[in-house]
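Engineer: 3D model of this:
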Amino acid sequence: MLIYSVIFILLLFGVFHFDYKQNTFLRSFYYFFVFIVCTLMMGLRYKVGGDSLTYEYFYTYLPDIDDFSEYTFSHHNDNNYQPGYLLFVALCKTIHKGYYFYQFIHAIIFNCIFFWFFRKQSEKPFTAIFICYIFLIYFYFGFEIQREIFAICCFLLSYNFFIKNKWFYYYLFCIAAFTFHISAVILFILPFFKLVKFTNKILVLSIVASIPLIIGKVYFIDFIKLLLITESMQKKGEGYSEIEFSLLGILFFYFIRVIAFIPFLYYYTKNKISNENDWMMTILLWVSILSQVMVGFDRLNNYIYLPLVLFLTNMLYNKDYLFINNFKKYITYTSIFVFLFNIIDVKFFVANVKNKYYYYSVFFPYESVLDKKKTSTRERYIREMWKAQ
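Structural biologist: Purely as a prediction, here's the structure:
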């Protein structure tokens, strides 16, 4: 817990001293220092993170560089890992066979691109990173989705090309992203969302259209399965389609993922300075709606969360975004708070196995490879979750 608190304080100081007060002395040095601390925290963790334990378990069975081709394109690849990720693992194994070497290199690459992205795209990078930190997006990206985060990093590297409509270079990064994770297929159609002008009419029609989609989701899921062209997509689709919620669960997740997001979207349509972020609001809303039909769709928004944080950071400091009264301001801020909170934080309260083993044990407490102390509650949660699946 101490390292989490240290990073929290470091980021909070950066927000106040450099972003809010606009001091520039030693700003770059301090930013680099925070990057080093975060990278060491992530790279030196020991059995922290739910999927981290899964990746550690399978790591031994993944190929080295000599067996890469035979393993990747054969029936041995039971998990249907994409070749880009398997190549990264194989290259790591050529230097050192241990999982924690791979984990450290993984942490360096992720943090380099993560910190570079906000330093490049925002004048208030500490605020952006602080938002990611307190809403656990940083932990989710760095600890959990170890394959998909490489695909997301490809998108971050291509972000300027996407914004400037330089499609040749953008699609090169899309291809690279797809070699790491199949969810990167969303990047190939993302440019078409830039053709949509997000208005109140689009907002209302989307909400209305969501009702028959949810009611008739069985038929919609059958249609979606026809579009899953690869074996790995089909397996993922089958797995996600089998996840069912009670009526109360459906209403709860529809409220926190769609209804609670409406005030913020309404404010955006009424106060937007330009249409350049319409694509973002459109896909966030549509994917949030589709995730009520098949929960796996929610993974597609992983590519949009960091651009959303970038937009929110700029919005917080931009005086052009005005509120007529405090009530509307509180409603709008509450709306986006609920949306961000329900990306990961909500799992702390609702995700459990047998009402005994809880999701928060995935991240807490922090343990280091320097001590190699196992946390029994975390490992028990993971084992019980595997059994439940």
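
Engineer: wait, isn't K124 in contact with Y317?
Structural biologist: Yes - in terms of C-beta atoms under 8 Å, K124 counts as a neighbour of Y317; the distance is 5.6 Å. Bear in mind the C-beta positions are built from the backbone N, C-alpha and C, glycine included.

Engineer: what sits in contact with each of the two?
Structural biologist: Between them, K124 and Y317 share these contacting residues under C-beta atoms under 8 Å, 6 or more residues apart in numbering: D19.

Engineer: So for those two, which residue has more residues nearby?
Structural biologist: The residue with more neighbours, out of K124 and Y317, is K124; 20 against 14, by other C-beta atoms under 10 Å.

Engineer: Which residue, other than its chain neighbours, is closest to that one?
Structural biologist: Of all residues not flanking K124 in the chain, D19 sits nearest, at 4.1 Å (C-beta to C-beta, 6 or more residues apart in numbering).

Engineer: For this structure, which segments are assigned as strands?
Structural biologist: In the chain, the strands defined using DSSP state E lie at 352-353, 357-358.

Engineer: Return the member of the ones you listed having the minimum mean pLDDT.
Structural biologist: Among those, strand 352-353 has the lowest mean pLDDT, at a mean of 64.

Engineer: Mind listing what's buried along stretch 172-180?
Structural biologist: F173, C174, A176, A177, F178, T179, F180 (16 or more other C-beta atoms under 10 Å).

Engineer: what bits of the stretch 1-150 of the chain have low per-residue confidence?
Structural biologist: 1, 75-77 (pLDDT under 70).

Engineer: Recalculate using a threshold of 90.
Structural biologist: For the stretch 1-150 of the chain, the stretches with pLDDT under 90 are 1-2, 47-58, 60-61, 63-64, 66-81, 144.

Engineer: what do you get for the stretch 151-300 of the chain?
Structural biologist: For the stretch 151-300 of the chain, residues meeting the criterion pLDDT under 90 lie at 209-259, 267, 270-275, 288-299.

Engineer: hey, where'd the helices end up in the stretch 151-300 of the chain?
Structural biologist: With helices called from DSSP state H, counting those that start in this stretch, the stretch 151-300 of the chain shows them at 159-163, 167-178, 185-189, 200-215, 217-226, 231-241, 247-257, 262-271, 278-293.

Engineer: hey, which of those is tucked in deepest?
Structural biologist: Highest mean neighbour count of the helices of the stretch 151-300 of the chain: helix 278-293, a mean of 21 (counted as mean count of other C-beta atoms under 10 Å).

Engineer: Show me what that helix is packed up against.
Structural biologist: Applying 3 or more C-beta pairs under 8 Å, 6 or more residues apart in numbering; DSSP states H and E, one finds that helix 278-293 contacts helix 200-215, helix 217-226, helix 247-257, helix 262-271, helix 305-317.

Engineer: In the last one, which residues are buried?
Structural biologist: Okay, so that is helix 305-317. Neighbour-count burial for helix 305-317 [16+ other C-beta under 10 Å]: Y305, L306, P307, L308, V309, L310, F311, L312, T313, N314, M315.
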